[in-house]
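J.: pasting the sequence and the predicted model now:
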Amino acid sequence: MTKILTLLLFTISAFCFSQKYVDAVIIKSDNDTIKSKMKVSTNIFYKNLIDEKSFYRVLLLLDENDKKKEKIKAIEVKKLLFTDFEGKQRIYVSVGKTLGQLMFDGKKIKWIRDILVNAYDGSVSYSDYLVDKSGEEYRFNGLFLNPRKRLIEATKSKPELATLITDTDRFSDENVLNILQKYDEQ
């Protein structure tokens, strides 16, 4: 019994101390701009890693006294901007009822990472897709989707990138970002 209580106490204290705040800029759908503190949860073991489940559906804004000021649903948000605890600028945009991370925003193409949370166990998965200037979507995550073919299809107006894409061994964030930046150059 004491082991269960000790484990419960540890879990509750770890959860309570894993909540932090970031200074955020929220642009709502009606173009209202709000600058406020936003409550975020962090990883229990790595305190700089922000848990996106804490704000992907509802943003909890706080006043100067760290009291709850306002809840904003993701459907009402056009864009969310903040700097994470490692100094990286993060941008999230509305993708329906949730927020997705804007990985690249170029003149010709955008790369959005959709956040998907399993309702059963709370696990997080991501779905990446590209949107070109005409509004066509190119999803390149999935069981039967080949990211190499989808990137070649999305960048077909610059055929010289096809060799770069086929020679790429691993499609890490940096490699995809490099390809999209080359595609977006004039």
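T.: Cool, the structure landed. A quick note: this is a predicted structure, and the numbers were derived from the prediction, not measured.

J.: per-residue pLDDT, the closest residue to residue 106 other than its chain neighbours?
T.: If the residues on either side of it in the chain are set aside, residue 106 comes closest to residue 184, at 3.5 Å by C-beta to C-beta, 6 or more residues apart in numbering. Just so you know, the C-beta spots here come from the backbone N, C-alpha and C atoms, and that holds for glycine as well. Residue 184 is assigned 88 on the pLDDT scale.

J.: got it, and residue 28?
T.: The score at residue 28 is 93. That number is its pLDDT.

J.: circling back to that earlier point, pretty sure the residue nearest to residue 106 contacts residue 105?
T.: No. Shown here, residue 184 and residue 105 do not form a contact pair, counting by C-beta atoms under 8 Å, at 9.5 Å.

J.: look at the residue nearest to residue 106 and say how many residues are nearby.
T.: Burial of residue 184, expressed as a neighbour count using other C-beta atoms under 10 Å, amounts to 16.

J.: over to residue 105?
T.: Number of residues near residue 105 (other C-beta under 10 Å) recorded here: 14.

J.: now do the SS call for the nearest residue in space to it that is not next to it in sequence.
T.: Sequence neighbours aside, residue 91 is the residue nearest to residue 105 in space, at 7.5 Å (criterion: C-beta to C-beta, 6+ apart). Three-state secondary structure (criterion: DSSP: H, G, I helix; E, B strand; the rest coil) places residue 91 in strand.

J.: again, but for residue 120
T.: Using three-state DSSP, the three-state assignment for residue 120 comes out as coil.

J.: pLDDT at it, what is it?
T.: Among the per-residue scores, residue 120 holds a pLDDT of 90.

J.: so what's residue 140 up against?
T.: The neighbours of residue 140, taking C-beta atoms under 8 Å, 6 or more residues apart in numbering as the test, are 128-130, 146-147, 150-151, 171.

J.: among the residues you listed, which are located in strands?
T.: 128-130 (DSSP state E).

J.: including distance to residue 101, pLDDT and neighbour count, could those go into a markdown table?
T.: Converted to a markdown table, the ones in strands among the contacts of residue 140 look like this (distance: C-beta to C-beta, whole Å; pLDDT from 0 to 100; neighbours: other C-beta atoms under 10 Å):
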| residue | distance to residue 101 | pLDDT | neighbour count |
| --- | --- | --- | --- |
| 128 | 10 | 89 | 21 |
| 129 | 12 | 91 | 20 |
| 130 | 14 | 91 | 23 |
